[in-house]
Structures are given as C-alpha cells and as structure tokens.
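Trainee: with the input below, show me the fold.
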Amino acid sequence: MLSDTKLRALKPKDKPYRVYDERGLYMQVSTSGARLWRFKYKFDNKEKLLALGQYPDVPLSLARERRDEARQLIARGIDPSAQKKAIKTADEGTFEAVFREWWTSRLGAIDPSTSEQLQRRAQTYALPYLGSRPIADIKAADILAVARRIEARGLIETTHSVVQLIGQVMRYAVATGRAEIDPTPSLRGALKPVKVKHRAAITDKAALAAFLRAVDAYPSSPIIRAALQLQVLLFLRPGELRQLRWAWLDTDSARLKVPGEVMKMREDHLVPLARQSLAILEDLRPFTGSSVYILPSPRTIGGKTDRPLSENGVLMALRAMGYDKAEVTGHGFRATARTFLDEELRFRPEVIEAQLAHTVRDPLGRAYNRTRHIEERTQMMQAWADWLDELKTDREASI
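Mentor: Numbering: from 1, shown residues only. Just a heads-up that it's a prediction; the model follows:
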C-alpha cells in the first residue's frame with residue numbers, strides 16, 4: 001500500500017513508471033515528474049482506466065474515495081468512465097459553458113472594453129439564474145424571468161442589452177447543435193420599452209461653421225483633434241469610430257471596411273473616404289500607426305496593452321471647447337449629417353440611411369447588402385467634406 005511519505009519521495013525516471021496501492025488504484029509517474037492517479041478496472045469483460053486526478057491536488061485519501069465510488073458504480077452495472085463522460089457532456093451543454101465558449105470565440109474580434117462589459121453583464125444578470133441550466137431547456141419564460149428582475153431595479157436599457165446578449169448565446173448554441181431555437185424573439189412586446197433619447201445635435205449652419213473652426217483651433221492632441229474631425233466627416237456612431245483599426249483601411253479604394261462585430265446592426269459596413277478624410281488619416285499615421293487602433297488611447301501607445309480612445313476623452317474635449325451635453329454629443333453628429341445632406345446637398349434619403357448604417361430593406365423585407373448605393377455614397381461623402389470646407393471658410397455662415 002502507498003503512503004504520503006512514499007508518494008512525496010517519488011522521483012521521475014527516464015521512462016514513465018507505476019506504483020500500486022490496492023484494488024486497482026495506482027499512480028503513474030511521468031518523465032516530467034507529474035504524478036497521476038489511475039484506477040484500473042474491468043467492465044463487460046474489457047479492461048479500462050479511469051483518471052482520478054493529479055497528486056498532490058488529489059491526495060491519497062481522496063484518490064481512494066474516488067476509487068471506491070467507481071467500484072460502487074461497477075457493482076450497480078454502471079461504467080464509471082461512461083458516466084464521467086456523460087457528466088462532462090452535460091456540463092458542456094449548460095448556458096454558462098456555452099456562454100464561455102461564445103465569449104472566448106469573440107476575443108480579439110471586438111474591443112477589449114466591450115468584451116469585459118459583456119462578461120460583467122453575463123456574470124451579474126444572466127449566469128446566476130441560467131448558468132447551470134441545460135441551454136437546450138431554456139424557454140422564453142425563463143429569459144423573461146431574468147428580464148423582470150432587471151426591470152424591477154429600473155434598469156430598462158440594461159434589460160434589453162442582457163436579453164440581446166442571451167439571444168446571441170442562444171443563437172451560438174443553435175449553430176453548434178446544442179439548442180433547437182433562440183427563444184428571445186418571443187419576448188418582443190413583453191419588455192418595457194426603452195425611452196428614446198434625443199441626442200443634442202447641431203442643425204444650424206452658423207453653429208456648425210463655428211464648431212468646425214473651434215475644432216481646428218483647439219490645442220488638443222492630434223488623436224483628439226482627428227477624432228472630432230472624423231466624427232463629423234464619417235458620422236459613424238462614437239463607439240464604432242473609436243474602434244476603427246488601421247487594418248480596415250484600404251487606401252487603394254479609399255474606403256474603411258468595418259466588420260459587423262463592431263457595428264450596432266452587426267452587419268459589415270463600408271465607409272467611402274473623401275480626400276479630406278484620407279489626409280487626416282495620413283497625418284495621424286506617424287502618431288498612431290504603431291497601434292492596432294486608428295484612434296488609440298494615448299496612454300497605451302508604445303505599451304504592452306492597446307486600447308481605443310475612451311469616450312470620455314472626446315467628451316472632455318467638447319466640454320473644454322465650451323460645448324455642454326445640451327448642445328453637442330458625439331452621436332448627435334449623425335443627425336447633423338442627415339439634416340444637411342438632405343436639406344442642403346439634396347441626396348436621396350435611402351443613400352443617406354445606407355451610409356448611416358441603418359438597416360434599409362427591399363420590398364420583400366430583406367436587408368440590402370453593404371455595397372448598396374456605394375457609388376452614390378462615395379460621391380456623397382466627398383460632397384459632404386467639400387461642403388464642410390466651404391462652410392468653415394465662409395464667414396457669412398457665422399452671421
């Protein structure tokens with residue numbers, strides 16, 4: 001029989017070797033020194049092995065307990081190896097296991113801060129109630145119960161975000177064969193609606209001209225200034241703009257090819273670049289070209305980590321320029337662009353909506369692909385940049 005004293009004295013040799021306890025329990029010592037518990041048994045006249053863990057994480061007493069439990073299963077006609085596999089398979093089919101797998105698959109494809117936010121939401125709101133459940137058994141009523149708990153705290157936007165997150169995990173489970181359907185569409189109409197927030201936007205020509213001149217004159221870092229300029233020129237959502245990567249820039253076609261994982265609508269998006277936008281990017285390259293991000297956080301340039309510019313960085317610049325949140329928001333520049341592209345430059349609404357990355361559908365309800373109206377959009381983006389330049393230098397616009 002083995003003892004802890006004997007086990008501690010075991011040393012690796014040129015070849016793996018075994019030391020035996022009793023009733024089928026033994027330890028295998030590898031050439032690297034790893035000491036692994038094994039239980040040798042017969043089932044249906046076949047010799048089998050069951051792994052019981054590694055010493056000293058699994059001490060001798062626990063290894064013997066696990067061996068005895070396995071022997072009891074054999075006495076009841078149950079193969080302990082088959083049962084262990086079945087338990088592992090069941091564990092892999094829980095909501096938490098599928099979430100972890102889905103979340104891991106997204107690492108590197110989305111912004112680190114977004115990835116952390118997804119994990120926090122899951123750990124706070126979803127996993128405590130759904131984590132141990134087999135994902136195939138989760139119904140709409142189960143998800144609604146989770147949503148009601150969040151709604152009860154007055155967190156209506158968070159409720160919708162968590163349900164959306166659960167839906168993404170459920171669809172991943174469907175795709176990987178561990179669930180039949182995603183129940184979240186059944187919750188439409190059952191959740192409290194989010195109150196629409198009207199974001200402050202500049203819709204007056206004189207005010208826009210003054211803002212453009214203020215940006216050019218603001219003594220900020222090149223990154224902040226470029227972020228403000230590109231926010232107006234490209235009118236992406238602020239989070240989408242901050243996550244732009246150099247790898248997505250195609251200078252030959254003068255386009256940014258933004259993958260769906262960073263877009264709100266989860267669809268790939270093309271951003272035609274006017275000459276002015278390309279010039280800003282080329283001026284920025286000496287400062288941020290070593291980063292993954294076009295607009296990185298200044299604190300991470302040249303460091304071990306690489307993060308995009310924070311939303312707070314742009315907001316602080318706007319406030320320092322004298323614009324409060326009642327006058328200007330990053331998201332408001334989308335409304336600014338829509339207003340002037342329609343009223344001043346007279347572009348067709350469907351072309352504007354396509355460039356705003358709003359889902360535009362055909363008569364059959366199918367979403368148009370990302371290249372829809374791309375030639376008109378390219379002309380529109382150049383016309384928009386030219387119009388902004390003229391507005392900025394037109395002193396009459398200030399009157």
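
Trainee: give me the low-pLDDT residue ranges for this protein?
Mentor: Along the chain, segments meeting pLDDT under 70 span 86-91, 108-109, 111, 113, 196-199, 301-305, 359-371, 395-399.

Trainee: for it, just list every one of the strands.
Mentor: If DSSP state E is used as the criterion, the strands of the chain fall at 17-20, 25-29, 35-43, 46-55, 249-250, 255-258, 269-272.

Trainee: nearest to Gln119, of those?
Mentor: strand 255-258 (23.4 Å; Cβ to Cβ). Where C-beta positions appear, they are placed from N, C-alpha and C, glycine not excepted.

Trainee: helices or strands next to the closest one in the packing?
Mentor: Judged by 3 or more Cβ pairs under 8 Å, 6 or more residues apart in numbering; DSSP states H and E, strand 255-258 is in contact with strand 249-250, strand 269-272.

Trainee: for that strand, which strands pair with it and how are they oriented?
Mentor: strand 249-250 (antiparallel), strand 269-272 (antiparallel) (DSSP bridges).

Trainee: pretty sure Leu318 contacts Gly332?
Mentor: No. Counting by Cβ atoms under 8 Å, Leu318 stays clear of Gly332, with 10.2 Å between them.

Trainee: re the thing from before, deepest-packed of the strands of the chain, please.
Mentor: Greatest average neighbour count among the strands of the chain goes to strand 269-272 (a mean of 22), per mean count of other Cβ atoms under 10 Å.

Trainee: ok, and what's touching that one?
Mentor: Under the criterion Cβ atoms under 8 Å, 6 or more residues apart in numbering, residues 234, 236, 240, 254-258, 260, 263, 355, 357, 370-371, 374, 377-378, 380-382 lie in contact with strand 269-272.

Trainee: try stretch 239-250
Mentor: Taking Cβ under 8 Å, 6+ apart as the rule, stretch 239-250 contacts 110-111, 114, 227, 230-231, 234, 236, 256-259, 262-264, 269, 281, 285, 288-289, 291-295, 308-311, 314, 330, 357.

Trainee: drop anything exposed from those.
Mentor: Neighbour counting by 16 or more other Cβ atoms under 10 Å classes 110-111, 114, 227, 230-231, 234, 236, 256, 258-259, 262-263, 269, 281, 288, 291, 293-295, 308-309, 314, 330, 357 among those as buried.

Trainee: OK, contacts around Glu376?
Mentor: 347-348, 351.

Trainee: returning to that earlier point: output the helices and strands packed on strand 255-258 as TSV; include the columns distance to Trp103.
Mentor: What follows is those, written out as TSV (distance: least, Cβ to Cβ, whole Å):
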stretch	distance to Trp103
strand 249-250	28
strand 269-272	23
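
Trainee: this completes my enquiry, with thanks.
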